[in-house]
Structure formats: C-alpha cells, structure tokens
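Asks: the following comprises the amino acid sequence and a computationally predicted model.
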Amino acid sequence: MATKGGVEKPDGGVLSAEQQQKLRHFKINTRIDNERYLRSHPEIEELTAGFIREVILKRPPNIREFAADHFTNTNLDALQNRRKQ
C-alpha cells in the first residue's frame, strides 16, 4: 500500500534489516549523485523549462510525440538562446 509520499511501505519479510539499510544508503547516494549532476549542468533546467513552457503554451494532444519533436529539433539551441534574451 502506498504511503503519503507515494512510496510503498517496506515489507519487512522481503528484505533483511541489512538489505534495507543498504537500499536506503543506495537511494540516498543516488539522490546526492543526481543533485551533483544537475547542479553541474544548468542547461538541463533550461531545456526542461523550455519544454514545459512550450507544452503549456501549445497544449499538444500527444505529449510524447510533441516531446520527441521538441527534443530532436535541430534548431533547439537557437530556440533556447532566443528565450534567454
């Protein structure tokens, strides 16, 4: 059953205490690594913000197709640079 945060409660019978602790540390370290990566690549925030902006403005009926077209656009750099100005 999912908890308030959307994560299921651990089933004590599936993982041992040691395994649960290792999994917890793995998740924490993964979050830290992801945060470091995102902080070292600010362009990711620019790309996702630009995409979300376009989705809200255009409200495409097929979001997956729109995303594929958006991120494979050969003029994406130019579009991002224009938005910065």
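Replies: Perfect, I can see it now.
Asks: for the rest of this, base every contact and every neighbour count on C-alpha atoms.
Replies: OK.
Asks: residues touching the residue with the largest distance to the centre of the chain, list them.
Replies: Within the chain, Gly13 marks the point farthest from the mean C-alpha position, 31.1 Å out by C-alpha atoms, centre = their mean. Contact partners of Gly13, counting by C-alpha atoms under 8 Å, 6 or more residues apart in numbering, are absent.
Asks: assumed it was part of a strand.
Replies: No: the assignment for Gly13, made by DSSP: H, G, I helix; E, B strand; the rest coil, is coil rather than a strand.
Asks: what pLDDT is listed against it?
Replies: As predicted, Gly13 sits at a pLDDT of 70.
Asks: now the chain, which segments are flagged as low pLDDT?
Replies: 1-7, 10-12, 83-85 (pLDDT under 70).
Asks: break down it into its helices, ranges please.
Replies: Taking DSSP state H as the test, the helices found in the chain are 17-40, 43-58, 63-71, 76-84.
Asks: quick revisit: quick check: the residue farthest from the centre of the chain vs Phe26, distance?
Replies: Per C-alpha to C-alpha, to the nearest Å, Gly13 is found 20 Å from Phe26.
Asks: next one: Asn73
Replies: Asn73 is 36 Å from Phe26, by C-alpha to C-alpha.
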